[in-house]
Structure formats: structure tokens, C-alpha cells
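Participant: Predicted model and sequence below, questions to follow.
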Amino acid sequence: MKNVEEEIEAAIGRLDELYQDAVAALKSSLAQFVKTKVPPTAAQRAKFRYPQITLVYEPDGPTPISSRAYAKFNTAGTYTTSVTHPRQFAQYLREQLVPLVGEYGAKLTIEVSDQEIPYAYVVDGQNELGVGDVPPDELARWFPTPTLDSVGDEIVDGLWDFGHDDSRPLGLYDALRVDYSLKRLMHYSGTDWQAFQPWILFTNYARYVDEFVLWAANEIQYPDSPYYKLVCSGGVDITIDNADDAVKLVASGNWRKYQMPAYHLLSKEGDGITLVNIGVGPSNTKNITDHLAVLRPNCWLMVGHCGGLRQSQKIGHYVLAHAYLRRDNVLDDILPLSVPIPPIAEVQIALQNAAIKVTGEAPEALKRRLRTGTVVSFADRNWELYWSSERQLINMSRAIGVDMESCMVAAQGFRHRVPYGTLLCISDKPVHGEIKLPGAANVFYERAIGEHLKIGIVTLETMRAKEAVIHSRKLRSFDEPPFR
């Protein structure tokens, strides 16, 4: 195994060398063009390419059967993918390549791909549509630019044409798709994509951000804490030196400039927690999860508010989603409603145990205010105005909670092979006349948010403590790329 690990380290080093050379060549040619208006030659442009990994798997006998949910071959063949930022994705690459080469005996090759690196993906801190005084349309004549026909989710959605060449996809996303999303993450979140952590919380209320910042600032100050820094949307960093003023500093930052601000609690081991305020609605949710997926997070959880649909529920009670009634219509053409979205057992158990731990209640007592069942999500916040037409379906589904984001969080997790879960807190009971009013809502927020957020955090920390990446074979298809 040591020889395999050395081979993988050498391969990652070679990937990084090729990538850095390509980026340097592209930047140099850009600088020359801005200064002299002399475009790159064909030979120079041929250097602006991503590196690629090729694995050739030719077993002597039947393909080994593995219970692992990643890094496995389903069939013999040649597998290829282009790679961006190999240095930053090194740990992910190790996790995939060591078993594929060591256990399956696949032959590994690193070389330059045919995919050009768009110039906008290497221009940091500058106008990405142009460089200097050169308009973007002129740059596009001579330098690679992003094109929609080269960026898509055909592999993710099972639409890849396996007959167009002799190779099969090695991963769900190639370099162009990854770079596209990395830029979008920075645009929407107001933070560098490299700050995102592998354990992710989504919320649909800004008050959860305040609670997260306060909790994170306290964590940073503990001598034995695994966390050391909070990176916040708008350019604010919280460390032990300014942790006492964290809430004030974050509130006065430029987070309002960003559609979905993010807050990253960095750990010394690189396995911290990110909180993203996705706002309201399934479109926002799909947008951010499409881009977060390329980072291959270990898990994402929704901790937000919902309407309770049962008379026995009370404001402040919890809903642990075990099934999803998708009424938001955003993914219907991509992921048909006939496709079930299963619960992920490891996540469900961790959520349940975290609720017991944080509330301090015995399991039987907790059942009185935490119900497991179906959540329904709408795209229209005023779904109550169509109650007469929605009532029958909600009744047939036995749904116990209604919101706008949870079904999309789960469906996108299923679609992108990212473990997911949902724990909602009831903020109103519209079916039973307890609508959300400002006075009652404020009382609810003050009482419930701290406990709710802590359950989400403890859930992620519990899964992290198992010292194994939480993945599920439920998320793999029968014809899946080897990389997770």
C-alpha cells in the first residue's frame, strides 16, 4: 500500500505542476496582450489546458464487489476526468485514487487534457469580464472563455452519452464544471470558495446567523477547541483576538451585498462547519447546492422554520423530515416526481441523538415535541391562499410540516450524491389558525433558535467524530462514475 500511496502523491504533484504551468502561461499571455495587443500564438494557446486523470481498469476476473459508497468500479474500461485546483482538492483525490489503484489495480496516467482553461477563471481580484482596458469581446477572440455547451450536469443526471468515445467519466464533474461553480460560490456567498467546510448547515432565517456567530466566537476562545477562526461573508474574520466583538463586527460587515451569505468555522483538521443563509425559496436552494456540490461536502443539513400541519403540534416543536412531498416544481423535468428521495439512515440517527443530547430529554419525552414524518415544500410562500386545491394532496401525503426549501435540499443532495437531512422548527400553524404574527414570532425566535441550531451543530460533530466520511450507497446508481 505504501507504494500505491507514493504513486498517488506523485500523481497529485504532477497534476498540480501541469495546472500551475497552464495558469502561469495563460496569465502571462493575458498580461502581454493587455500591454501590447499581441494575441497568443497557437503554440502558446495550446498550453492553456487543464490536466487530466486517466484510469484504465482491466481486471483478470470478475469486478470485486465493495460495500463502500465511493471509489469503486462497476465495469472494466478507461475512465477520464479533467482536474482544476489539484492542490486544494488533494485530499479528495487521495480518498478516491488510493482504493481504485490499490484495490482494483487500475493503471494511472496524468497528462494534459483537451479542455482549455477560460481566462476568467484565473483572473483573481480583477474584473472577470475584461482585463485592464481591454473589452471582454476582444479578449474572447483570442483567449478561452466559458461556453454553455461545455458546462453541464449530464453525468450527474445520467444523460452522459457513453457511445461518443472510448472513455467513461471518472467523476461527476469535470474541471470546467467545477471552476464554473467555484466562481459562483464566491459571487453568491461573499467568501472565498476555499473557506467552505465539508460539514454544511443551511438556514432560511438571518437570526440563525447571529446565533451561529455567537456560538462560534465562544468556541474559538476555548483552549482545547478544534476551531480557530470564523470567516464571514463580506470580508470579516473572527479570531481569538476579536471574538468578544464578533456579533457587532459581523453585523456591520458587507454581508448585505451578497445573496446567500456564508459563515465558515475553520477547524485545525480542515473539517469545520459552514452555515449558509439561503434565504427563502427553492430556486435559491437549488442555485447554491448546484455549486456547493462540486466541493463534495460530507453532508448538508437544513435547519429552518416550517408551518406545523397537525393539531397536536405546538410552536417551537420540531419536525424531523423522513419523506418529502415536492410541490416546488423546480426540479420536475430533471428529477421526476416519480423518483423517491429516501432518508439517509446515518443522518437521521445522528439528528435524533443530537436532539436528545441537546434538549436533555428522554427519548419518550422528546417524542411529544419532535415528530418524524413527511415535509411538503412549495415555491409559493402564500400557498395558504390555495388551500382548497392543496388540501387533499397534503392530507393524502400525511405531511406534518410545510416549508419552501427542505425538499430541494434533499432532492439536490440525492441528485448530487451528498448526504442530507432536515430538522425544522415550527414557527406557525396556518391550518389551525395560528398564523405567524410579529409579536408571537419574536418570542418564538428568542426561545427556540439557540437550541435548534445547536442540534444541527451537534449532529454534524457527531458524524464527524466517527472518523469516517458519511456516505450512503443509496446515493449511487448502478452505472456510477468511480469518484464520489
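Facilitator: Received, thanks.

Participant: How is this protein partitioned into domains?
Facilitator: 2-175, 186-475 (automatic domain parsing).

Participant: I'd like those as CSV, with distance to Arg484 appended.
Facilitator: Yep, even glycine has a C-beta here, placed from its N, CA and C like the rest. CSV is the format used below for these (distance: least, C-beta to C-beta, whole Å):
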stretch, distance to Arg484
domain 2-175, 3
domain 186-475, 6
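
Participant: Out of those, which is the most enclosed?
Facilitator: Highest mean neighbour count of the domains of the chain: domain 186-475, a mean of 19 (counted as mean count of other C-beta atoms under 10 Å).

Participant: For that one, what is the distance to the chain centroid?
Facilitator: 13 Å (C-alpha atoms, centre = their mean, to the nearest Å).

Participant: That domain: end-to-end distance?
Facilitator: 27 Å (C-alpha to C-alpha, to the nearest Å).

Participant: quick one: low-confidence parts of the stretch 1-150 of the chain?
Facilitator: 1-2, 124-132 (pLDDT under 70).

Participant: And for the stretch 351-484 of the chain?
Facilitator: 431-447, 467-469.

Participant: ok now do the nearest residue to Thr84 once chain neighbours are set aside, which residues does it touch?
Facilitator: Distances taken as C-beta to C-beta, 6 or more residues apart in numbering put Ala175 closest to Thr84, at 4.0 Å, once the chain neighbours are dropped. Each residue near Ala175 by C-beta atoms under 8 Å, 6 or more residues apart in numbering is listed here: Tyr50, Gln52, Thr81, Ser82, Val83, Thr84, Ser113, Gln115, Ile117.

Participant: List the ones among the residues you listed that fall in strands.
Facilitator: Tyr50, Gln52, Thr81, Ser82, Ser113, Gln115 (DSSP state E).

Participant: Just the closest of these to Cys407, please.
Facilitator: Thr81 (30.3 Å; C-beta to C-beta).

Participant: Could you measure from the closest one over to Ile8?
Facilitator: Between Thr81 and Ile8 the computed distance is 15 Å (C-beta to C-beta, to the nearest Å).

Participant: what sits against the residue nearest to the spatial centre of the chain?
Facilitator: In the chain, the residue lying closest to the centroid (C-alpha atoms, centre = their mean) is Leu292, at 3.0 Å. Contact partners of Leu292, counting by C-beta under 8 Å, 6+ apart, are Ser181, Leu185, Phe196, Ile200, Val276, Trp300, Val418.

Participant: For the stretch 201-350 of the chain, just list every one of the helices.
Facilitator: For the stretch 201-350 of the chain, the helices defined by DSSP state H, counting those that start in this stretch occupy 206-220, 246-251, 282-292, 345-359.

Participant: Of those helices, which is nearest Pro146?
Facilitator: When these are compared (using C-beta to C-beta), the closest one is helix 282-292, at 14.0 Å.

Participant: in this protein, which helix has the most residues?
Facilitator: Secondary structure of the chain per DSSP state H: the longest helix is helix 2-36.

Participant: Which strands border the helix or strand containing Thr54, and is each parallel or antiparallel?
Facilitator: Per DSSP states H and E, Thr54 falls inside strand 49-57. Take DSSP bridges as the rule and strand 49-57 pairs in its sheet with strand 77-82 (antiparallel), strand 107-116 (antiparallel).

Participant: Relative to Ala350, which of these is closest?
Facilitator: strand 77-82 (31.2 Å).

Participant: Relative to Thr54, how far out is the closest residue to Leu93 other than its chain neighbours?
Facilitator: Closest residue to Leu93 apart from its sequence neighbours, by C-beta to C-beta, 6+ apart: Ile12 at 5.6 Å. For Ile12, the distance to Thr54 equals 14 Å [C-beta to C-beta].

Participant: and what of Ala76?
Facilitator: Ala76 is 14 Å from Thr54, by C-beta to C-beta.

Participant: Ok, Val123 next?
Facilitator: Distance from Val123 to Thr54, by C-beta to C-beta: 29 Å.

Participant: Next: Arg398.
Facilitator: Using C-beta to C-beta, one obtains 50 Å as the distance from Arg398 to Thr54.

Participant: residues contacting the closest residue to Asp237 other than its chain neighbours?
Facilitator: Among residues not flanking Asp237 along the chain, Val231 sits closest, at 5.7 Å (C-beta to C-beta, 6+ apart). By C-beta under 8 Å, 6+ apart, the residues touching Val231 are Thr191, Asp192, Ala195, Asp237, Tyr263, His264, Leu266.

Participant: hmm, 6 Å instead?
Facilitator: Thr191, Ala195, Asp237, His264 (C-beta atoms under 6 Å, 6 or more residues apart in numbering).

Participant: about what we covered before: right, and the helices of the stretch 201-350 of the chain - which one's nearest Val134?
Facilitator: Per C-beta to C-beta, nearest to Val134 of these: helix 282-292, 28.0 Å.

Participant: Only alpha carbons, please: show the closest one as CSV.
Facilitator: C-alpha atoms of helix 282-292 as CSV (Å, rounded to 0.1, in the frame of the first residue of the first chain):
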residue,chain,number,x,y,z
PRO,A,282,-36.4,26.5,-3.7
SER,A,283,-34.7,28.4,-6.5
ASN,A,284,-32.1,29.9,-4.1
THR,A,285,-31.7,26.4,-2.6
LYS,A,286,-31.1,24.8,-6.0
ASN,A,287,-28.7,27.5,-7.0
ILE,A,288,-26.4,27.2,-4.1
THR,A,289,-26.5,23.4,-3.8
ASP,A,290,-25.6,23.1,-7.5
HIS,A,291,-22.4,24.9,-6.8
LEU,A,292,-21.6,23.5,-3.3
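
Participant: tell me the mean pLDDT for that helix?
Facilitator: Averaging pLDDT along helix 282-292 gives 97.

Participant: Which one of the ones in strands among the contacts of Ala175 is nearest to Arg326?
Facilitator: Nearest to Arg326 among the ones in strands among the contacts of Ala175, with distances taken as C-beta to C-beta, is Thr81, at 30.6 Å.

Participant: List the beta-bridge partners for the closest one.
Facilitator: Applying DSSP bridges, one finds that Thr81 bridges with Ile53.

Participant: from what I can see it touches Asp174, true?
Facilitator: Yes: between Thr81 and Asp174 there is a contact at 5.5 Å, judged by C-beta atoms under 6 Å.

Participant: mind listing what Arg159 touches?
Facilitator: Just so we're on the same page, residue 159 is Leu rather than Arg. Per C-beta under 6 Å, 6+ apart, neighbours of Leu159: none.

Participant: okay but Leu230 is in contact with Thr239, surely?
Facilitator: No: judged on C-beta under 6 Å, Leu230 makes no contact with Thr239 at a distance of 7.8 Å.

Participant: quick revisit: want to throw the contacts of Val231 into CSV with distance to Asp224 and pLDDT?
Facilitator: Below are these laid out as CSV (distance: C-beta to C-beta, whole Å; pLDDT from 0 to 100):
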residue, distance to Asp224, pLDDT
Thr191, 27, 96
Ala195, 23, 97
Asp237, 22, 96
His264, 21, 98
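
Participant: Can you tell me which of those lies closest to Lys107?
Facilitator: Nearest to Lys107 among the contacts of Val231, with distances taken as C-beta to C-beta, is Ala195, at 36.1 Å.

Participant: gap between that closest one and Asp153?
Facilitator: Counting by C-beta to C-beta, the gap from Ala195 to Asp153 is 24 Å.

Participant: now do Ile53
Facilitator: For Ile53 relative to Asp153 (C-beta to C-beta), the value is 20 Å.
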